[in-house]
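A.B. asks: Sequence and predicted structure, then a few things I'm wondering about:
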Amino acid sequence: MVLIHLAEGFEEVEALTVVDVLRRAGADAKTVSVTGEKMVRGTHGVNIEADLLFEDADYSACEMIVLPGGLPGADNLGAHKGLTDQIKAFAEAGKKVAAICAAPMVFGNCGILDGKLATIYPGMEFALKGGIATGKNVTVCGNIITGKGPALAMEFALALVGELKGKAVRDEVAEGLLFE
């Protein structure tokens with residue numbers, strides 16, 4: 001299972017593209033609200049009903065934690081202690097964590113980027129505390145996957161498919177989406 005986390009002010013394109021592409025690839029992708037309510041409002045006023053509340057999510061069955069960006073969404077994700085504790089535990093265990101746009105700053109603040117390659121929304125490189133900014137659209141460094149921003153949500157989502165399901169499935173989904 002892949003858990004895509006939603007906080008007030010999340011970037012809609014990044015969250016929904018990831019959910020859609022992962023589900024096309026056959027992944028069990030679920031949205032998780034960290035707000036205490038299932039209905040979460042995105043940064044552009046789009047309301048999304050999450051599949052689960054954070055309190056009901058089963059992290060023992062989770063293969064990957066995903067954080068969409070957006071502001072104040074990324075700030076709100078980073079302020080959720082339960083989520084940041086899970087991110088730290090996943091990183092320590094070598095389990096996959098992924099973030100795009102402003103959200104890699106949550107990883108920086110969690111201290112999991114020390115010496116690792118990462119990317120983030122341009123101009124926010126300072127927030128990759130301990131990380132090495134690549135400037136690439138998507139950066140995979142071991143169990144940490146980071147992406148640059150909204151226009152690259154499809155490339156980011158396909159990279160997640162590649163990490164979870166392998167290159168053949170990634171390429172099949174990309175072809176079906178007319179990507180590349």
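C.D. replies: That came through, no problem. Numbers count the residues shown, from 1 in each chain.
A.B. asks: how close does the residue lying closest to residue 10 once chain neighbours are set aside sit to residue 62?
C.D. replies: The shortest distance from residue 10 to any residue other than its chain neighbours is 3.7 Å, reached at residue 73 (Cβ to Cβ, 6 or more residues apart in numbering). For every residue, glycine as well, the C-beta is placed using N, CA and C. Spatial separation of residue 73 from residue 62 under the definition Cβ to Cβ, to the nearest Å is 20 Å.
A.B. asks: residues near residue 40, how many?
C.D. replies: Applying the criterion other Cβ atoms under 10 Å, we find 24 residues in the vicinity of residue 40.
A.B. asks: right, and the residue nearest to residue 10 touches residue 42 too?
C.D. replies: Yes: here residue 73 lies in contact with residue 42, judged by Cβ atoms under 8 Å, at a distance of 7.4 Å.
A.B. asks: before we move on, back to that, if you count what's nearby, which of residue 73 and residue 62 comes out ahead?
C.D. replies: Neighbour totals were compared for residue 73 and residue 62, and residue 73 leads with 29 against 19 (other Cβ under 10 Å).
A.B. asks: which residues does the more buried one contact?
C.D. replies: Remark: with contacts taken as Cβ atoms under 8 Å, 6 or more residues apart in numbering, residue 73 is in contact with 6-11, 42-43, 102-103.
A.B. asks: Okay, and which of those map to strands?
C.D. replies: Assignment to strands by DSSP state E places the following of the contacts of residue 73 there: residue 6.
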